[in-house]
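Student: Take a look and give me a structure for this.
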Amino acid sequence: GGTLLDAHAVLDKFSRLRVLVVGDAILDEYVVGRADRLSREAPIPVLEVESRRDIPGGAANPAVNVAALGASCALFGVVGEDMASDRLRGALTAQGVESGGLVADPDRQTTVKTRIMARIGTALPQQVARLDLVARGALPSGATNRLIDAVARRARYADAILLSDYGTGSLSPDLIDGMRACASSPGALLSADAQGDFDKYAWFDLMKCNADEAAAYLGQRLATDDDFVAAARALCGRLSRDMGGFGRRGGSCPRATGRGRVRYGWRGRHRHCGRHAGSVRGRRPCDGGAHRQRRQWGGCATCRQLRAVAGRTAAGAGAMT
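Tutor: Presented below is the predicted three-dimensional model:
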């Protein structure tokens, strides 16, 4: 087992890392009011608002956690040109997270989740309702390209890229291809907190899911420890690379490699690039490996992203502070 000194050593190393978080940025709003009477219009409490609080949510939440652990962290996502995006940026800045990577799209609203909290007497506030203002649907290609550009300018100095998927549509296959390309050049750890659609995260270094999502994806019930072990192996067999996260009471995937990682199997969406046939033997997607240095790009989606990212990073990227 680890010791407190081990934990301090890990945190000390963590403080030297540079992490990029990409995904569905959300503003969590908490409205707290005192409930002293019922409405005459319906059998519901009337709240006299006492306070409001903005908290970074969605992909912004892990960004705040990373910064709290001492790492340098920047958040990338798409928001609207509205007051909610300004409030989100302010909340991120207050928590030590860089928000310059948030791309504003005039045709999209910032996702806001408002929790209505009622205070009755001296008891702690209780949530009585939640209002979600959600921007769903795929991003336009222009916004996707701007987001990839923003990440590419910082990726060459990144130690890890984390994708956080809350199902609002910003993490499209094209964007995920772009993140694969961004992570391939510096060799950054590429990870995802996925929700349901696991195939698009195949060949990531790490993918995290919960039990319900795994059960739905595999189409099987998970109840006993043996069920979870079998499900973990099935996931590892379908998603193939080096590492996978599959938690139950802190557990992790079996079949660790010599590097302490877990093997997955490839079942992704991408066609393999002919230029890679000799090295990948049809078992993994193109990652630009052998010919990236020679700039002899192939015709697959990942090669196109790698070529574009190579041009962007060569143009000069600012180091993370």
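Student: rest of the way, CA atoms for contacts and neighbours
Tutor: OK.
Student: got any ranges where the stretch 101-250 of the chain has weak pLDDT?
Tutor: Applying pLDDT under 70 to the stretch 101-250 of the chain flags residues 240-250.
Student: Break down it into its helices, ranges please.
Tutor: Applying DSSP state H, counting those that start in this stretch to the stretch 101-250 of the chain gives helices spanning 141-155, 173-184, 211-218, 225-239.
Student: mind giving me JSON lines with these and columns for distance to residue 162?
Tutor: Formatted as JSON lines, the helices of the stretch 101-250 of the chain follow (distance: least, Cα to Cα, whole Å):
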{"stretch": "helix 141-155", "distance to residue 162": "11"}
{"stretch": "helix 173-184", "distance to residue 162": "9"}
{"stretch": "helix 211-218", "distance to residue 162": "19"}
{"stretch": "helix 225-239", "distance to residue 162": "17"}
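Student: among the ones you listed, which is nearest residue 126?
Tutor: Residue 126 lies closest to helix 211-218 among the helices of the stretch 101-250 of the chain, at 26.2 Å (Cα to Cα).
Student: Check which residues of that closest one are buried.
Tutor: Using 16 or more other Cα atoms under 10 Å as the test for burial, helix 211-218 gives 211, 214-215, 217.
Student: Taking helix 225-239 as reference, get the angle to it.
Tutor: 60 degrees (axes from the mean of the first three to the mean of the last three Cα atoms, to 10 degrees).
Student: Need the CA coordinates for helix 211-218. PDB is fine.
Tutor: Output of helix 211-218 as PDB, limited to C-alpha atoms (Å, rounded to 0.1, in the frame of the first residue of the first chain):
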ATOM      1  CA  ALA A 211     -21.400   0.600 -14.400                       C
ATOM      2  CA  ASP A 212     -24.700   1.600 -16.000                       C
ATOM      3  CA  GLU A 213     -23.000   2.900 -19.200                       C
ATOM      4  CA  ALA A 214     -20.900  -0.300 -19.500                       C
ATOM      5  CA  ALA A 215     -24.000  -2.500 -19.000                       C
ATOM      6  CA  ALA A 216     -25.900  -0.500 -21.700                       C
ATOM      7  CA  TYR A 217     -23.000  -0.700 -24.100                       C
ATOM      8  CA  LEU A 218     -22.400  -4.400 -23.600                       C
END
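Student: Output the contacting helices and strands for it.
Tutor: Here helix 211-218 touches helix 225-239, going by 3 or more Cα pairs under 8 Å, 6 or more residues apart in numbering; DSSP states H and E.
Student: the strands in the stretch 1-150 of the chain, which residues?
Tutor: Secondary structure of the stretch 1-150 of the chain (DSSP state E, counting those that start in this stretch): strands located at 18-23, 25-38, 45-58, 72-80, 98-105, 111-119, 126-133.
Student: Adding distance to residue 164 and mean neighbour count, write the ones you listed out as CSV.
Tutor: Supplementary listing: the strands of the stretch 1-150 of the chain in CSV, determined by distance: least, Cα to Cα, whole Å; neighbours: other Cα atoms under 10 Å:
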stretch, distance to residue 164, mean neighbour count
strand 18-23, 5, 27
strand 25-38, 9, 20
strand 45-58, 7, 17
strand 72-80, 10, 25
strand 98-105, 14, 19
strand 111-119, 14, 21
strand 126-133, 18, 13
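Student: Residue 149: which of the ones you listed is closest?
Tutor: Nearest to residue 149 among the strands of the stretch 1-150 of the chain is strand 98-105 (9.6 Å), distances taken as Cα to Cα.
Student: what sits up against that closest one?
Tutor: For strand 98-105, the external contacting residues (Cα atoms under 8 Å, 6 or more residues apart in numbering) are 73-81, 89, 92-93, 143, 146-147, 150-151.
Student: what angle separates it from strand 72-80?
Tutor: Using the same axes, to 10 degrees: strand 98-105 against strand 72-80 is 20 degrees.
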